[in-house]
Each structure stands twice: as structure tokens, then as C-alpha cells.
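K.L.:
Pasted the sequence and its predicted model underneath.
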Amino acid sequence: MDQPTRQRRGLLIVLSSPSGAGKSTIARMLLESDSEVTMSVSATTRPKRPGEVDDVDYHFVDDAQFQALIEGDELAEWAYVFDHRYGSPKEPIKDALREGRDILFDIDWQGTQQLKFAFKNDLVPIFILPPSMAELERRLRARATDSEEVIQSRMRRAASEIGHWDTYDYVLINEDVERCLSEVRAIIAAERLKRDRRPFLVPFVRNLVARPNN
């Protein structure tokens, strides 16, 4: 059987973690090292920032347009984040799955549950834990971008987010970012080889046993 016919089904890869646990760094490194993975482009009601490109960084819409997406059941998941709404359009996700492309999502546990409801076995949910709460706070302070009030708010929210760790299929402890990235890549490699994501195996095996001497 020719290689072009051996197209697998795509993956929906979710990375979740409390702020400061290293999720964004690992996502960036994964995107740089794996050309088969692309970042999900969300719809959002927040204003466009300097340098951002519509339909590349985000699909920028107003509140009425976002509400229409919700009412039309066109979003796989959505949530309020800092007074603005963010959501993942369904159709680009469906297209990617059919075409064997993998999409990376940077969303919280609530968004993950919504995606799981919509796409079930296509989801690969990964939760990243910090090695300790003390180390998480140290990383937040090392950014030198947040006020003391914001840091304490993030720490309180972190405890709540970590409470949902057991709803994920994979849970990693980010003690070393390179090792954690390697573990994420190993998970993705294994998920890509699952039987249900390789529909070409059915005709391949039928052909294999029909012509055993070939």
C-alpha cells in the first residue's frame, strides 16, 4: 500500500497547568520542534493588540458575533477570561482531524471538559504540575511582570486548578523543562500510533490476508 494512503486521524492535544508551571514554554518548544502540530486559533472578544493579525493570532469578533457563535453551536468550548470571551470554533477542528493534522490547545480544565464532550477519543489531555508550590511561586516572581497582589491571586487560583489534575489522562511534573517536553513528545508519538487513529489499517490488513504470498 502506498504511503500517501496511510493517513492517520489528527489529535487534539491539550496542555493545562497553573500559571507558572511551564505550560507556555513547553507549548512553544513543541510547536518549534514538531511541524505536524499547530496552535489552535481561538475566537475572542478582546481587542486586537499591536502586531496581532486577525485569523492568525485570533479570530477577533465583537460580543454579538461571539454570542451568535454560541447560539449556533459553532464553538467546541468557550469561557470568560479576564472579562473577555474566548472559544474554539468547531469546523477548523473537524477539518484538522479528518486531514490528520494535530492541534494544540492552551486551555483550562473547564475548556478541556467541553472539548472532551465534543470530541471524546480525539482528545489527548495533559496536565502539567510544578514540582512544589514554593517553586511555582518562585517562577512567578522570577518573571518580574506581576504585582504582589497578582502573584497571590495566581497562587490561590493555582491551588484550585491543581485540584482537577485527576480529570486528565496524562499528568507530568515539570522539574526540568527539556525532560517534560520529551515526555509530552512521547505521549504524542504513542497517541499517533493508536489503532483507532489509523483507519488505513482495516483495508491494509484485509489486503494482507487476502494475498498472503505478496
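P.N.:
Everything's here; your move. Note that the coordinates shown come from a computational prediction; the quantities given were computed from them, not determined experimentally.
K.L.:
where exactly do the helices run in the protein?
P.N.:
23-33, 63-71, 90-99, 109-119, 133-143, 148-162, 177-192, 201-210 (DSSP state H).
K.L.:
Tell me which of these is the most buried.
P.N.:
Of the helices of the chain, the one with the most neighbours on average (mean count of other CB atoms under 10 Å) is helix 109-119, at a mean of 18. For the C-beta atoms, the positions are set from N, CA and C on the backbone; glycine is no exception.
K.L.:
Check the offset of it from the chain's centre.
P.N.:
11 Å (CA atoms, centre = their mean, to the nearest Å).
K.L.:
Mind giving me the packing neighbours of it?
P.N.:
Under the contact criterion of 3 or more CB pairs under 8 Å, 6 or more residues apart in numbering; DSSP states H and E, helix 109-119 touches strand 12-16, strand 75-81, helix 90-99, strand 102-106, strand 123-129.
K.L.:
Which per-residue confidence value corresponds to residue 3?
P.N.:
Per-residue pLDDT puts residue 3 at 51.
K.L.:
If we ignore the residues flanking it in sequence, what's nearest residue 114?
P.N.:
Of all residues not flanking residue 114 in the chain, residue 77 sits nearest, at 3.5 Å (CB to CB, 6 or more residues apart in numbering).
K.L.:
What's the local residue count around residue 78?
P.N.:
Neighbours of residue 78 under the rule other CB atoms under 10 Å: 22.
K.L.:
Give me the neighbour count for residue 53.
P.N.:
9.
K.L.:
which phi and psi does it have?
P.N.:
Main-chain torsions, residue 53, degrees, to the nearest 10: phi -120, psi 130.
K.L.:
I'd like the distance between it and residue 146.
P.N.:
Counting by CB to CB, to the nearest Å, the gap from residue 53 to residue 146 is 27 Å.
K.L.:
Also residue 165?
P.N.:
For residue 165 relative to residue 146 (CB to CB), the value is 24 Å.
K.L.:
My read is that residue 62 contacts residue 45, right?
P.N.:
Yes - here residue 62 reaches residue 45: they are 6.5 Å apart, a contact under CB atoms under 8 Å.
K.L.:
neighbour count winner among the two?
P.N.:
Comparing residue 62 with residue 45 by neighbour count (other CB under 10 Å), the higher total belongs to residue 45, at 19 against 9.
K.L.:
ok, that one touching residue 85?
P.N.:
Yes - at 4.7 Å, residue 45 counts as touching residue 85 under the criterion of CB under 8 Å.
K.L.:
Now do stretch 58-71: distance to the chain's middle.
P.N.:
Chain-centre distance of stretch 58-71: 21 Å, with CA atoms, centre = their mean.
K.L.:
Any chance you could list what contacts that stretch?
P.N.:
For stretch 58-71, the surrounding residues in contact (CB atoms under 8 Å, 6 or more residues apart in numbering) are 41-48, 52, 54, 75, 78, 85, 87, 89.
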